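> For reference, the sequence and a predicted model appear below.
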Amino acid sequence: MLASAQLIKYGSLLMSIVVGAAVIMVRMRASKQPTTLRKIIMPPIGMSTGFLMFISPLTRVPFTWALGALAAGMLLFAPPLIATSNFERVGDEVFLRRSRLFIYIIIGLFIARIALHDVVERYVSVAQTGALFFLLAFGMLVPWRLAMMQRYRRLL
């Protein structure tokens, strides 16, 4: 039993590292192509399907915990991303301007997430931990993308 719990824990950590690396690579490539409003708003729309996880009783958490996770994403994790995401107009196209700090902020947020994940997992199940971190990520993504959308529209 202990071996399977550790396998889940380390598998989760490995997946987090893979996803974190993928986010960094996608983000770096995105700055080389023009962006569109669709490219800005689709990630939160696609991610919103993750709320279906709450159909399962295993992932349900108290409402106050859910609000706390959303608030942490919005208030702690979104502002650095918003601050380092800017656009520039090149001819008729709009490009996401890459900040030098962005990569360090993403890595720092990732490290904070890993550290928090270990702490949270001591108090709730693996499924509930996943649910809370989904809410944290969604809380971070929506304000970031809304800010990007505003900046994009201002440039147009």
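Okay, I see it.

> from here on, contacts and neighbour counts on C-alpha atoms
Fine.

> Which residue lies nearest the spatial centre of this protein?
residue 137 (3.9 Å; Cα atoms, centre = their mean).

> So for the closest residue to it other than its chain neighbours, what's the pLDDT?
In space, and not counting its chain neighbours, residue 137 is closest to residue 73: 6.0 Å by Cα to Cα, 6 or more residues apart in numbering. Per-residue pLDDT puts residue 73 at 93.

> Was I right to think residue 73 contacts residue 136?
Yes. With contacts counted by Cα atoms under 8 Å, residue 73 reaches residue 136, the gap being 4.5 Å.

> sorry, back to before: buried stuff in the helix or strand the residue nearest to the centre of the chain falls within?
Using DSSP states H and E, the element containing residue 137 is helix 126-155. Using 16 or more other Cα atoms under 10 Å as the test for burial, helix 126-155 gives 126-145, 147-149, 152.

> Residues that sit against both of residue 73 and residue 136, list them.
Common contacts of residue 73 and residue 136, defined by Cα atoms under 8 Å, 6 or more residues apart in numbering, are absent altogether.

> Pass me the low-pLDDT residue ranges in this protein, would you?
In the predicted model, the chain carries pLDDT under 70 at residues 1-2, 5, 30.

> What are the boundaries of the helices in it?
2-30, 37-47, 63-72, 78-83, 100-121, 126-155 (DSSP state H).

> next one: the fifth one to chain centre, how far?
Pointing back at helix 100-121 there. 10 Å (Cα atoms, centre = their mean, to the nearest Å).

> tell me which residues in stretch 42-61 are buried?
By 16+ other Cα under 10 Å, the buried positions in stretch 42-61 come out as 44, 59-61.

> out of those, who's nearest residue 28?
residue 44 (18.9 Å; Cα to Cα).
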